[in-house]
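Participant: have a look at this prediction, sequence included:
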Amino acid sequence: LLFGPDGATLASYDKIHMFDVDLDNGESWRESAAYEPGTEAVVAGIDGAKLGFAVCYDLRFPQLFRAEAMAGADLLSVPAAFTRQTGEAHWHVLLRARAIENGAFVVAAAQGGLHEDGRETYGHSLIVDPWGRIIAEAAHDEPG
């Protein structure tokens with residue numbers, strides 16, 4: 001959801017790509033068991049910028065970001081909770097690639113730290129410029 005300064009809802013986005021996976025360690029994740037996927041890319045104007053939306057696993061699907069860029073997005077938002085293992089391997093490179101491919105800034109808020117259920121998320125909230133340069137980054141478990 002995107003809210004304006006007056007609290008009004010300016011835009012709503014439903015994650016398109018559900019995270020359904022069976023891991024080598026026996027864990028199984030099925031977002032589609034609890035959520036209905038969205039069907040549309042969303043771009044909304046705010047304070048002179050055009051913001052494109054994505055959530056977590058959507059990051060792995062470049063066509064979503066391309067559609068948003070073609071609709072005028074110059075800022076892409078990607079809140080996420082990548083696992084530590086996946087984040088270490090893919091988080092930075094995928095965010096930088098999406099920025100470069102689309103000539104857009106990327107703002108990626110990321111959950112990080114060890115959770116009560118033993119799951120560990122990677123963190124590393126980032127802001128990436130259109131050249132793929134990281135211009136701000138929070139540590140693994142630093143709020144950001």
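Facilitator: Noted; the coordinates are in hand.

Participant: check contacts around the most centrally placed residue in the chain.
Facilitator: Residue closest to the mean C-alpha point of the chain, counted by CA atoms, centre = their mean, is Val78 at 2.1 Å. The contact partners of Val78, taken as CB atoms under 8 Å, 6 or more residues apart in numbering, are Ala54, Val55, Cys56, Asp58, Leu59, Leu95, Arg98, Val106, Val107, Ala108, Ala109. Every residue, glycine included, has its C-beta placed from N, CA and C.

Participant: try 10 Å
Facilitator: 52-56, 58-59, 65, 91, 94-95, 98, 106-110, 125-126, 128 (CB atoms under 10 Å, 6 or more residues apart in numbering).

Participant: check Ala54 too.
Facilitator: If you count contacts by CB under 10 Å, 6+ apart, then Ala54 has 13, 15-17, 41-42, 60-61, 64-65, 68, 76-80, 98, 106, 108 around it.

Participant: this protein: strands as residue ranges?
Facilitator: Here the chain has its strands, by DSSP state E, at 2-3, 9-11, 20-22, 28-30, 43-46, 49-53, 75-77, 105-108, 112-114, 120-122, 126-128, 134-137.

Participant: okay, now the sheet partners of the second one, with direction.
Facilitator: Same thing as strand 9-11. Within its sheet, strand 9-11 is paired with strand 2-3 (antiparallel), according to DSSP bridges.

Participant: and the contacts of the strand it pairs with?
Facilitator: 8-13, 42, 44-46, 51, 53, 77.

Participant: highest neighbour count among these?
Facilitator: Phe53 (26 neighbours; other CB atoms under 10 Å).

Participant: quick check, pLDDT for that residue.
Facilitator: With respect to pLDDT, Phe53 scores 99.

Participant: what does Gly26 give?
Facilitator: So, for Gly26, pLDDT stands at 84.

Participant: measure it to Ala73 for me?
Facilitator: Gly26 sits at a distance of 39 Å from Ala73 (criterion: CB to CB, to the nearest Å).

Participant: ok, Thr83 to Lys50 distance?
Facilitator: Computed as CB to CB, the Thr83 to Lys50 distance reads 31 Å.
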